[in-house]
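Trainee: Pasting the sequence and the predicted coordinates here, then a few questions.
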Amino acid sequence: MYENIVEKINSILPQTQCGQCNYSGCKPYAIAITKGKADINQCPPGGEEGIQNIAKLLGVDFKPLNEKHGITKPKSVALIDEYACIGCTLCILACPVDAILGATKKMHTIIEDECTGCELCLSPCPVDCIEILPVKEDNNEISTQNKSNLARSRYEFRLDRIKREKKESNATRKLLTSTSEKSKLINEKRKSISEALARIKKNES
């Protein structure tokens, strides 16, 4: 029952993964609402429509958007000035849906269809080469839901990828430590054998 409510709230949220609600993503916010740790009116991208839908789902009164979390803005996407980009990769690390392509010291670019307009890439950029531009509103409910579903799946895939990479990194570090310790033991044994042989030769002489 609990997981079912979390998923229903999460499906209502816009999946921008912007963190304006004070949580790291839409699902953590949905969990916080379900646990009573967050209010239903902390999501600026979802706007009043999102608040109304959550209130209806939970059977509680509607509350206006709490503007300390921000205001509802038109749909938007990020745009990188590719000539000014220095390839620092900080925006790639900040993007919650892996919508930025690039490599170290190489030009970066935004995958427009996958960008949620979360603005999380703005602050880390050391050369201010990213701007947020409004896009034409798509009033097609199916298209909007499809984009929301895509953002959600990319966000979850990114979390899984980070978790997997961390696990692999820890395993590699443990292997290197283990290999280093084995090498140290082998060297110590070789040293002991050499010292023993040296003593034997000395005694024989």
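Mentor: Structure received. Numbering: from 1, shown residues only.
Trainee: my guess is Glu131 is in a strand, correct?
Mentor: Yes: per DSSP: H, G, I helix; E, B strand; the rest coil, Glu131 lies within a strand segment.
Trainee: Report how many residues lie close to it.
Mentor: 13 (other CB atoms under 10 Å). Every residue, glycine included, has its C-beta placed from N, CA and C.
Trainee: Surely it touches Leu79?
Mentor: Yes: between Glu131 and Leu79 there is a contact under CB atoms under 8 Å: 5.5 Å.
Trainee: I'd like the average pLDDT over stretch 105-114.
Mentor: Regarding stretch 105-114, the rounded mean pLDDT is 93.
Trainee: Endpoint to endpoint, that stretch covers what distance?
Mentor: Stretch 105-114 has an end-to-end distance of 23 Å (criterion: CA to CA, to the nearest Å).
Trainee: Go ahead and name everything in contact with that stretch.
Mentor: Residues from elsewhere that reach stretch 105-114, judged by CB atoms under 8 Å, 6 or more residues apart in numbering: 77-80, 82, 85-87, 89, 91-92, 97-102, 147, 150-151, 154.
Trainee: at 7 Å instead, please
Mentor: 77-80, 82, 85, 87, 91-92, 97, 99-102, 150, 154 (CB atoms under 7 Å, 6 or more residues apart in numbering).
Trainee: Which of those scores worst on pLDDT?
Mentor: Out of the contacts of stretch 105-114, that is Glu82, at 89.
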